[in-house]
Each structure stands twice: as C-alpha cells, then as structure tokens.
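> this is a predicted model, with the sequence first.
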Amino acid sequence: MGIKSEMPKNVTRTVRLEDGLDRAIQEKAREGNTSVNFLVNKLIRKYIDWDLPGEKFGLGPVASSLVNRLFDEIDEKSAYDLGRSIAREFYEPYATYLFGELTFETSILLFRRASEYGGRYLFDSKSDKRHNVLVLRHNGGQKLSRFYAGVFQGVYSEILKLESKVECTKDYCVVRLPGVA
C-alpha cells in the first residue's frame, strides 16, 4: 500500500489553565498512571476529532441505561430498520463531513473513532487482499445487535454496494466482506 507513517511533529505551546482544572488534570493523569502531557493531548484530540464535529450532527452523551430501555421498547425488526436508516441518515453524512466521502476505508476510520470516543462498543477489523472481517462487541443485548446489523447492512450492502455477510449474537456482530482494492 505504500503509505508511509511518519512520527508526528511536536509543537510546544504555552496555555493558561484555571488552577482547579490543572489540579484535576494532574489527578486524572496520576490515577491513569500517565503523564499530564499525554492526557492533555488525548483530551484535545477527542475534542477535535469527535466532540466538535459531533455537535454539528447532534451527538451528545446518553446514559447506557436509557439506550437499553429504549431498545427494550422496540422489537428486533424495528431495531434492524432503525440501524439501516441511521446508516443513511447519520453515518453516511457524518463520514462525508469528517473524511470527504464514505468509502470502505473511511467507514473503518469512523467505526474505530466511535469505538474509541463513543464508548458504546469495541471495534476491530482485519483485512487481507481477499477478505475483510469487522468485529463489533457490545453489551446491549440481542436488539442492539440487530441495530448494529442494520447499520452494517446499510453502510456496506446498501450504500457501498459491497457483498456483506453479518452474523450477530447478543454480544457482538461480525461482518465479512470481500477484499477491497
């Protein structure tokens, strides 16, 4: 693939922080057994990559208990259909906003970013020239799996027109796709 990975260039910047905020950052860094610099970079990266663009699309924190309760109120078909509509009405425009277009590669970037910053699921992918396997693990039950199955079908089969096979249990979804050149 010829993509060259370079070490990011570091810039030293002086920033004034409120005393209480500085103490809180130092305490969280200690609790996480990491440096203040690492934590500040992580916080700013999340704000730039997820929170700020998310505000334009109505993203915000929602308690897991609320999400689970909402999914308790619908049937599996409705959960699946909701996932498919979210793929078209949210996922595609959000990927286009963040990355310029929705492609297989940008879809993986967005699933990874949502996994890292959204906190609703863990996502991983493995690819070679012939196959792509995507794994999304969550703890929301069968209806949430049906929702994610709908999102995957919407993104890969309906929008990107890829042959996809989605298999789910109550805890995870696995998507199998052909290799993407």
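Sure, I can see it. Residues are numbered from 1 along each chain as shown.
> for F71, which non-adjacent residue is spatially closest?
K143 (4.4 Å; CB to CB, 6 or more residues apart in numbering). (Each C-beta comes from the backbone N, C-alpha and C, glycine too.)
> hmm, the one you found is touching I74, no?
Yes. Between K143 and I74 a contact is recorded at 6.7 Å, counting by CB atoms under 8 Å.
> domain ranges for the protein, per the record?
19-56, 64-178 (automatic domain parsing).
> which one of those is the most hemmed in?
Of the domains of the chain, the one with the most neighbours on average (mean count of other CB atoms under 10 Å) is domain 64-178, at a mean of 17.
> what helices or strands is the host helix or strand of V166 leaning on?
Following DSSP states H and E, one finds V166 within strand 165-168. Helices and strands touching strand 165-168, by 3 or more CB pairs under 8 Å, 6 or more residues apart in numbering; DSSP states H and E, are helix 142-152, strand 172-178.
> residues contacting the spatially most central residue of the chain?
Closest to where the C-alpha atoms of the chain average out (CA atoms, centre = their mean) is A114, at 1.6 Å. A114 sits next to R120, Y121, F123 when contact means CB atoms under 8 Å, 6 or more residues apart in numbering.
> any weak-confidence spans in this structure?
1-7, 180-181 (pLDDT under 70).
> quick check: what element follows the top helix by length along it along the chain?
Of all segments of type helix in the chain, defined using DSSP state H, the longest is helix 104-118. Proceeding N to C from helix 104-118, the next assigned helix or strand is strand 122-127, under DSSP H and E.
> chain neighbours aside, what residue packs nearest to G100?
T106 (7.8 Å).
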